[in-house]
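1. give me coordinates for this.
(one chain, ligands or ions: 2)
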Amino acid sequence: MRDAAPQAIYLSDYTPPAYLVDTVELTFKLHPTKTRVISKIAFRPNPEASNKTFYLHGENLDLKWARIDGAEVKANQTELGLTAQVPDAPFIWEAEVEISPETNTALEGLYMSKGMYCTQCEAEGFRKITYYPDRPDVMGVFSVTIECDEKIKLSNGNDLGDGKWHDPWPKPAYLFALVAGDLVAHSDSFTTMSGRDVALNIWVRDGDLHKCAFGMDALKRSMKWDEEVYGREYDLDLFNIVAVDDFNMGAMENKGLNIFNSAAVLASPETSTDANFERIEAIIAHEYFHNWTGNRITCRDWFQLCLKEGLTVFRDQQFSGDVRGHATQRIGNVLALRARQFREDNGPLAHPVRPTSFVEINNFYTSTVYEKGAEIIGMLKTLIGDEAYYKGCDLYFTRHDGQACTIEDWLKCFEDTTGRDLSQFKLWYEQAGTPRVKVGEDFNDGTYTLTFTQTTPPTPGQDVKDPKVIPIAVGLLAENGNEIQTTKICEVTDEVHKFRFTNLDAKPVPSINRGFSAPVILERDQTNAERAFLLAHDTDPFNKWEAGRALAKDVMIRMVTEDATPDQAYLDALITVARDNTLDPDFRALALGRPSQDDIAQALFDGGQTPDPTRIYQVSETLSQSVAEAMQDITPKLYAEMAVDGPYSPDAKAAGKRSLQNSCLSLISRIDSGALAAKQYASSDNMTMQFSALASLLNVEKGEDENIAFYKHWKDDRLVIDKWFSLQVMSAKLSKATAKAKEMTAHPDFDMANPNRFRAVFGALAGNTAGFHDPSGQGYGLMADWLIKLDAKNPQTAARMSTVFETWHRYDADRQQMMQAALGRILNTPNLSRDVTEMVTRILEA
Ligand code: BES
Ligand code: ZN
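-> Ligands and ions are numbered 1, 2, ... in the order given. You can find the predicted model right below:
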C-alpha cells in the first residue's frame with residue numbers, strides 16, 4: 001500500500017523565510033556515482049520573519065559533514081531536510097554532500113544524459129543537489145567551481161575560466177544550472193541597445209552542430225524584440241544554451257544558461273518540420289523573455305507561478321504573432337487552449353490559475369497556469385489599452401526589479417498607472433472553470449440589444465462563482481456583408497449585462513468575441529446560414545475562422561446524433577474558402593481543418609450526450625471522405641499552386657503554402673489511394689514534405705515500403721525517430737492502436753527512460769482518441785501498465801501523462817468502469833510517487 005497521503009501545502013500558510021542568503025559558493029567534484037558538492041553559504045536572520053527555525057531542504061543527500069562559522073555541527077536530519085542550532089546573527093554554513101547523478105532517472109537535480117552532466121532545478125530540484133532553503137523568495141549571489149575532466153564546464157553568469165563561474169545577479173536556487181561534457185558550440189554575438197556585446201553560444205554534441213543556426217537566429221530576434229517592445233535589455237556578457245536529449249520539459253530559463261530539450265532547439269530542414277521550427281522559435285523566445293519576467297523579477301512562492309509563466313507565454317505569443325502573423329497565431333493558440341486548457345478546466349483537474357494548495361508543485365505546470373494565465377494578461381491589455389499596458393509593465397519592471405513577487409504586486413502596478421480597481425478582474429486568477437456566456441439578441445426600433453449572461457460551472461472545491469469582468473469584442477455586419485460597427489469592447493461585469501447599438505436600419509449580424517478576446521464558451525442559437533455568412537464576410541479573421549469551425553462542429557454533431565449526411569452548405573463553404581486567393585494559405589489550411597475527435601466528444605458531453613469514440617471516429621472519416629470528394633476538382637490545382645520553389649526556408653509564408661499543400665495532399669490521398677503522396681515522398685527534400693507524405697500514405701493504409709525506408713534512413717537521428725514512433729501509433733486504426741503501441745515498446749529503439757521517446761508512443765496512443773478508448777479497454781490497460789513502470793523511474797513525466805485519463809467522466813458506464821479500474825491499479829502500486837498519487841487521486845475524486 002501507499003504511504004499515508006502526502007501533505008498539502010497552502011498559499012494561506014505562506015510565511016517569509018527565517019534566514020536570507022547573501023552569497024553561495026558551490027564546488028562540484030563531478031563523478032557519475034559519487035559526486036561531491038561542497039557548499040559555503042552566508043546566511044543572515046530575516047528581520048521580517050517571526051519564525052527563527054533554521055531549516056534547509058535536502059532530499060537523497062548523503063551528508064558528510066556540516067559546519068557553522070567553522071565549527072562542526074550535528075544537524076537534525078529527516079527525509080526532506082534538516083534543522084540546526086544557529087546564531088541570532090549572520091553566519092556561514094558549510095557542508096559536503098555526496099550524490100549520484102548517473103542513477104538519477106527522475107531527471108531532476110543533477111543527472112546524466114548520454115555521458116553529459118546537467119541539472120534541472122525548477123521547481124524543487126536544487127534540494128537534490130545540496131542542503132539549501134529551496135524556495136524562490138530566497139535569493140543569493142552564486143559562485144561555482146566545477147572540477148572534472150570534462151572538456152566543457154558551464155554554470156550561470158560569467159566565465160572566470162578553469163571551471164569557475166560567477167553570477168552577479170541574486171537568484172533563487174531554482175535558476176541554478178550546471179552542465180559538463182564533451183560539447184561544441186555554435187557561437188555568435190549580439191549588441192544590446194546600450195551597445196554592450198553579448199557572446200552567444202548554443203552547446204551541443206558534436207554531430208548536432210549543423211542544427212543550431214535557426215535557434216541562434218531566433219535567439220537574436222528575441223533579444224531585439226524584447227528591447228523594442230518591452231524596453232528590456234539583456235544583463236550579462238554571455239548567454240549560453242545547451243541541448244540535452246533527456247529532459248522532462250521543453251526548456252528551462254536558468255540565468256545565463258538555458259537548458260533545452262534537444263527537440264526544442266535543434267533544427268535542420270532535412271530533419272525538422274515547419275511545426276518544429278515554429279515551436280523552437282517560440283520556446284527560445286519564451287526562455288529568453290524569462291530573463292526579465294521570471295529571473296530579474298521572480299515568484300514569491302510557487303502559487304504565483306503564473307506571474308512568470310502566464311506573462312511569459314503571453315510575451316512569446318506576442319512575439320510569434322509579430323513574426324508569423326497575428327491571425328493564424330491566434331487561431332493556433334485558441335485551438336491549443338480549447339484542446340488542453342478547456343479540457344482541463346471542465347474536468348476533475350480544474351484549478352485556479354493561481355492555485356491555493358498543492359501536494360507536488362510539478363503537477364501545477366499546467367495548461368491552466370500557462371495558457372489561461374496568458375489569456376488573463378491579454379484581457380488586461382484589452383481592458384486598459386496598449387499604452388496603459390506597457391506603462392504598467394514599465395512600472396512593474398522598475399518597482400520590483402530584484403524581487404520575488406505576487407499577483408497582487410503585478411496587478412497593483414496597473415491599478416497605480418490607470419487608477420482602475422482591478423479587484424473584480426483578479427477573480428480570473430482565483431476562480432477555476434471556463435465561464436459560459438449566453439448571448440441574447442433583440443432588435444427593436446433601430447436599436448439592437450445584446451444580452452450577455454455569464455455563469456461558471458462548479459469545479460472541485462469551488463461550488464459558487466462570482467461574476468467576472470469579461471471583455472467581449474463585438475462587431476456588427478449588415479445583411480450585405482458590410483461592417484456597420486467596427487470592433488468595440490463590451491465589458492461584461494454583471495451576471496446579466498446588456499449592450500445597446502442604436503440608429504440601425506435593420507437587424508445586424510453580430511460578430512461576437514472577436515479575436516477570442518475572452519477565454520469563454522459562448523452559448524448561442526446561431527443558424528448555419530449565419531455561420532456561413534460570417535465565414536464569408538467577417539472582417540475579423542479569428543471569427544471568420546471560428547464561424548467555419550462552428551459550422552463543422554454542428555455538421556459533425558448532427559452526423560453523430562441524427563445520422564445526418566455531411567451538410568452540402570458546409571462543403572460549399574469550404575470550397576469557397578479554399579479558392580479564395582485573397583486569404584493567406586496558412587489561414588485557408590486552418591479553415592480546412594476539422595474539429596478533432598476529442599473536441600466532438602467534449603461537445604457531445606456538454607450537450608448532455610454520452611460520446612461514443614468509435615462512432616465519432618467513423619463520422620470523422622466519413623466527413624473527411626466527403627470533403628475529399630467534394631473538393632476533388634480543386635485540390636490538385638491548389639496543390640500545384642502552393643508548390644514552393646527554391647531551397648527550403650522555414651519562414652511563415654513558405655510554411656503556410658506547404659501547410660495548405662499538405663492539407664490538399666491528405667484529401668487527395670483519399671481519392672488516389674496515395675499515388676500523389678508516394679510521389680511527394682520520393683521527391684521531397686525537407687522533413688515537412690517528407691513526413692506529411694508518409695502520414696498521408698499511412699492514413700490511407702498505404703506506404704509500407706516508404707515507412708520502412710524512412711526508418712532505415714533516419715535511424716540514427718533521435719528526433720526524427722521520435723516522429724516516426726509517434727506516427728506509427730497515431731496512424732493505427734481503432735483497436736490496432738494499442739497493439740501498435742505495444743509493438744513499439746518492444747522495438748529496439750524504444751527507451752522508456754527518455755521522455756521524448758516515451759511520449760512519442762504514449763502521447764500518440766492517447767491522441768489516437770478512438771484507439772485509446774477502444775471498447776475492449778486494452779488502451780487503458782496498456783497505458784496504466786506503462787505509467788506504473790515509468791513512475792518508478794520518472795515520476796514527473798508519469799504524472800503529466802496520467803492526465804490522459806482526465807476525461808473519464810464523459811464516457812459510458814463500461815468505459816468509466818475500465819478507466820477507473822486502470823486508475824485504481826495505478827493508485828494501488830507499492831511506492832507510487834507523490835506526483836502520480838496526487839494526480840490520480842484528483843482525477844478519481846471529482
Ligand atoms: N520554467 C519552465 C520550465 C519548467 C517547467 C521547469 C516545469 C520545471 C518544471 C519553462 O520556462 C517553460 O515554461 N517551458 C515550457 C515551454 C514554453 C514555451 C511554454 C516547456 O518546457 O514546455
Ligand atoms: Zn516558462
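2. from the rest of the structure, what touches stretch 304-313?
-> With contact meaning C-beta atoms under 8 Å, 6 or more residues apart in numbering, stretch 304-313 is reached by 123, 286, 289-290, 293-294, 297-299, 353-354, 361, 364-365, 369-374, 376-377, 405-407, 410, 429. The way it works is simple: take the backbone N, C-alpha and C, and place the C-beta from them, glycine included.
3. what about the strands in the stretch 301-450 of the chain?
-> With strands called from DSSP state E, counting those that start in this stretch, the stretch 301-450 of the chain shows them at 357-358, 404-405, 436-444, 447-455.
4. in JSON lines, list these along with mean neighbour count, mean pLDDT and distance to ligand 2.
-> JSON lines is the format used below for these (neighbours: other C-beta atoms under 10 Å; pLDDT from 0 to 100; distance: least, C-beta to the ion, whole Å):
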{"stretch": "strand 357-358", "mean neighbour count": "16", "mean pLDDT": "98", "distance to ligand 2": "18"}
{"stretch": "strand 404-405", "mean neighbour count": "21", "mean pLDDT": "99", "distance to ligand 2": "16"}
{"stretch": "strand 436-444", "mean neighbour count": "15", "mean pLDDT": "98", "distance to ligand 2": "30"}
{"stretch": "strand 447-455", "mean neighbour count": "17", "mean pLDDT": "98", "distance to ligand 2": "30"}
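5. relative to residue 771, which of those is closest?
-> Closest to residue 771 of the strands of the stretch 301-450 of the chain, according to C-beta to C-beta: strand 436-444, at 31.2 Å.
6. next, the angle strand 447-455 makes with the closest one.
-> Angle of strand 436-444 versus strand 447-455, following axes from the mean of the first three to the mean of the last three C-alpha atoms, to 10 degrees, is 160 degrees.
7. who does strand 436-444 pair up with?
-> strand 447-455 (antiparallel), strand 521-523 (parallel) (DSSP bridges).
8. show me the one of these that comes nearest residue 677.
-> strand 521-523 (37.1 Å).
9. any idea how far the closest residue to ligand 2 within the stretch 351-500 of the chain lies from residue 121?
-> The minimum distance from the stretch 351-500 of the chain to ligand 2, using C-beta to the ion, falls at residue 370 (7.5 Å). From residue 370 across to residue 121, the span is 19 Å (C-beta to C-beta, to the nearest Å).
10. likewise for residue 378?
-> Counting by C-beta to C-beta - residue 378 and residue 121 are separated by 30 Å.
11. same check on residue 398?
-> Counting by C-beta to C-beta, the gap from residue 398 to residue 121 is 28 Å.
12. now the residue sitting furthest away from the middle of the chain, what are its backbone angles?
-> For the chain, the largest distance from the centre (C-alpha atoms, centre = their mean) belongs to residue 445, which lies 48.5 Å off. Note on residue 445: its backbone torsions stand at phi 60, psi 40 [degrees, to the nearest 10].
13. same for the helix or strand where residue 555 lies, what does it pack against?
-> Using DSSP states H and E, the secondary-structure element containing residue 555 is helix 541-562. Under the contact criterion of 3 or more C-beta pairs under 8 Å, 6 or more residues apart in numbering; DSSP states H and E, helix 541-562 touches helix 326-336, helix 528-537, helix 568-579, helix 585-592, helix 597-606, helix 613-630.
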